[in-house]
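**Student:** Fold the following and give me the result.
(2 chains)
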Number of protein chains: 2
Amino acid sequence: MDRMLVNGVPAEQISVLDRGFAYGDGLFESVRFIGEEAPLWSRHMQRLAEGCRRLRIPLPDVSQLWAEAIEVSRHLAHSVVRITVTRGVGERGYASLPRPRPTRVLAAFAPPVVVSESLDQGLALRMCELRLAEQPRLAGIKHLNRLEQVLARAEWSDPAIAEGILRDGQGRVISATMANLFARIDGQLLTPAVDRCGVAGVARAEVLATCPQARVGEITLEALLCASEVFLSSSVRGILPVRSLGERTFQVGSLTRTLQRHWRNLGFWMEQAG
Amino acid sequence: MDRMLVNGVPAEQISVLDRGFAYGDGLFESVRFIGEEAPLWSRHMQRLAEGCRRLRIPLPDVSQLWAEAIEVSRHLAHSVVRITVTRGVGERGYASLPRPRPTRVLAAFAPPVVVSESLDQGLALRMCELRLAEQPRLAGIKHLNRLEQVLARAEWSDPAIAEGILRDGQGRVISATMANLFARIDGQLLTPAVDRCGVAGVARAEVLATCPQARVGEITLEALLCASEVFLSSSVRGILPVRSLGERTFQVGSLTRTLQRHWRNLGFWMEQAG
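**Tutor:** Numbers count the residues shown, from 1 in each chain, chains lettered A, B, ... in the order given. Predicted coordinates for the structure are as follows:
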């Protein structure tokens, strides 16, 4: 029952000299599987390809990644397969080898428990103090440099708070720590741009492709607090209504329900704990 | 001849589930040893302690780190010991365990070759295109999120260019990719602040402690090009004069020579390749 493969071989360890460990020099994807189905697989592979292109890491063979994802997850009815791709083992120093040999790690986990209540009535959120730094060269892709998210998530320990909202240095709302954010403001469904900071979530891409009326645009905190409907999108957890942000409460809206139905039609059953 | 220890045990691998690999959730120090001497050891430990405090990672026992550093480097007359401290093995997700058990990795390497010509006549530098993002929560400490440096170092492959100069989003000069920068401008020795981006190098700290006339202050590109003397400071490579930056050439100055003598007095002999 091997739930981990390193470069195709059952293993639970990687070299201390791997640049993923030395510098966070790599990318990852967390892919939700229901049995042997991963409805957002092609979007994950699109983002991974874009990340590899931007970091100049050779893209692994996608059909091989699929075969290995099936192998590590086959004993789980529900799973999250984390795919990590790094620039590989390197010498000390930031300079890359002329022909890097990427490391690929596939590991299957039981998915996080998403209770029906969260999907029905929504999540309680807080505002994070940490402001995301603006780095266009790294924005959008799912790279391994995640200390900002670690620090933001460490701001609270109350289990009643499910997520925190992150802003950039100018106070613009960008996302949650582990999910993208959508808000219906003056009738318009908006999600923040992720070209200066933040991650271009695959669930966000699915929402944008599904809702022709959705638009990428700036959301100030003031605008968010005036939204008629707010939800988070996550490839692992689905479409999550937002019930409150600090003192402000929201009603679960019709777009949220429509997208939750779309998620079920894709084949996702998020309430299952795996 | 074990040149690597993971949590005190000879090993060359770490868990795939280590948060250092998953998120770059940790810190490192690259300590130059000459035999069993590491003249800047206490400054490295000060910075590591500050990094652990800021990331809320328990600081490993410093005397144990010293014993392990000696153990991994004892077969090398000259070495660089990389000490990596991570938040340890964790579950999937950014949230930390309530009581993390840090991972510590010590690995000894032959130091980079610093040819006498570099120390005598100086290095050729270029300006990097990449701009450092401003993140005060991570600035100064030597964390494992180093993709900016990897991308900046990938901008050139000409071996005649030794280093690249990094600026922030507002065009202020911050550092080189692997070293801090000092410039004598209008008679004043300056080094950029590292409270919004950049790393507070231990060699930089040694220079600031040694030169009472040195000051932390803003350096624009225009000011740098007017400097009478420019050098880089690196705990691994020492005090490196800058001979040119693009088309602009510099003379090696008297402060550079004084600091190189100070480095020798500390016990460093950088020309040795180990």
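
**Student:** Count the neighbours of residue A:126 for me.
**Tutor:** By other Cβ atoms under 10 Å in any protein chain shown, 18 other residues sit near residue A:126. Placement of C-beta: from N, CA and C, glycine included.

**Student:** Which residues are in contact with it?
**Tutor:** Shown in contact with residue A:126 (Cβ atoms under 8 Å, 6 or more residues apart in numbering or on different chains): A:155, A:156, A:161, A:163, A:164, A:165, A:245, A:246.

**Student:** Now the buried members of these.
**Tutor:** In these, burial by neighbour count holds for A:163, A:164, A:165, A:245, counting by 16 or more other Cβ atoms under 10 Å in any protein chain shown.

**Student:** Can you tell me how far the first one is from residue B:263?
**Tutor:** Pointing back at residue A:163 there. Note on residue A:163: its distance to residue B:263, by Cβ to Cβ, to the nearest Å, is 50 Å.

**Student:** Helices of chain A, residue ranges please.
**Tutor:** Per DSSP state H, chain A carries helices over the ranges A:19-23, A:41-55, A:62-73, A:116-121, A:147-153, A:202-210, A:221-225, A:254-266.

**Student:** Show me how chain A divides into domains.
**Tutor:** If you go by automatic domain parsing, the domain ranges for chain A are A:4-109, A:116-266.

**Student:** so how far does the shortest one reach from one end to the other?
**Tutor:** The first and final residues of domain A:4-109 sit 9 Å from each other (Cα to Cα, to the nearest Å).

**Student:** Likewise for the longest one?
**Tutor:** From its first residue to its last, domain A:116-266 covers 18 Å (Cα to Cα).

**Student:** any idea of the mean pLDDT in that domain?
**Tutor:** Per-residue pLDDT over domain A:116-266 has a mean of 97.

**Student:** next one: the shortest one
**Tutor:** Predicted confidence along domain A:4-109 averages 96 (mean pLDDT).

**Student:** And the residue of the stretch 151-274 of chain A that's closest to chain B?
**Tutor:** residue A:153 (4.0 Å; Cβ to the nearest Cβ).

**Student:** Residue A:143 is in contact with residue A:51, isn't it?
**Tutor:** Yes: using Cβ atoms under 8 Å, residue A:143 is in contact with residue A:51, at 6.4 Å.

**Student:** who touches both of those two?
**Tutor:** residue A:27.

**Student:** Look at these two and report which has more neighbours.
**Tutor:** When residue A:143 and residue A:51 are compared for neighbours, residue A:51 comes out ahead with 23 against 20, by other Cβ under 10 Å.

**Student:** check contacts around that one.
**Tutor:** Going by Cβ under 8 Å, 6+ apart, residue A:51 touches A:27, A:57, A:85, A:141, A:142, A:143.

**Student:** I'd like to know the beta-bridge partner residues of the closest residue in space to residue A:211 that isn't next to it in sequence.
**Tutor:** In space, and not counting its chain neighbours, residue A:211 is closest to residue A:189: 5.9 Å by Cβ to Cβ, 6 or more residues apart in numbering or on different chains. With DSSP bridges as the criterion, residue A:189 is bridged to residue A:184.

**Student:** same thing with residue A:242?
**Tutor:** Beta-bridge partners for residue A:242, by DSSP bridges, are residue A:123.

**Student:** My read is that it contacts residue A:233, right?
**Tutor:** No: taking contacts as Cβ under 8 Å, residue A:242 lies outside contact range of residue A:233: 11.1 Å.

**Student:** Comparing these two, which residue is more hemmed in?
**Tutor:** Counting neighbours by other Cβ under 10 Å for residue A:242 and for residue A:233 shows that residue A:242 has the greater number, 28 against 25.

**Student:** Report the separation between the more buried one and residue A:229.
**Tutor:** Computed as Cβ to Cβ, the residue A:242 to residue A:229 distance reads 8 Å.

**Student:** Need the residues touching each of these two.
**Tutor:** Common contacts of residue A:242 and residue A:229 (Cβ under 8 Å, 6+ apart): residue A:250.

**Student:** Tell me who's in contact with the residue in the stretch 1-150 of chain A that chain B sits nearest to.
**Tutor:** Going by Cβ to the nearest Cβ, chain B is nearest to residue A:24 of the stretch 1-150 of chain A, at 3.1 Å. For residue A:24, the contact set (Cβ under 8 Å, 6+ apart) comprises A:143, A:144, A:145, A:146, B:23, B:24, B:144, B:145, B:146, B:147.

**Student:** Skipping adjacent residues, who's closest to it in space?
**Tutor:** Counting by Cβ to Cβ, 6+ apart, residue B:24 is the residue found nearest to residue A:24 once chain neighbours are left out, at 3.1 Å.

**Student:** how near is that neighbour to residue B:266?
**Tutor:** Between residue B:24 and residue B:266 the distance is 31 Å, computed by Cβ to Cβ.

**Student:** Looks like residue A:240 contacts residue A:181 (just checking).
**Tutor:** No: applying Cβ under 8 Å as the test, residue A:240 and residue A:181 come out as separate, 10.1 Å apart.

**Student:** list residues touching both of the two?
**Tutor:** A:231, A:232, A:233.

**Student:** Please identify which of the residues you listed is nearest to residue B:66.
**Tutor:** The shortest gap between residue B:66 and any of those belongs to residue A:232, at 46.6 Å (Cβ to Cβ).

**Student:** Quick one: residues contacting the closest one.
**Tutor:** Applying Cβ under 8 Å, 6+ apart to residue A:232 gives the contacts A:123, A:163, A:176, A:179, A:180, A:181, A:182, A:239, A:240, A:242.
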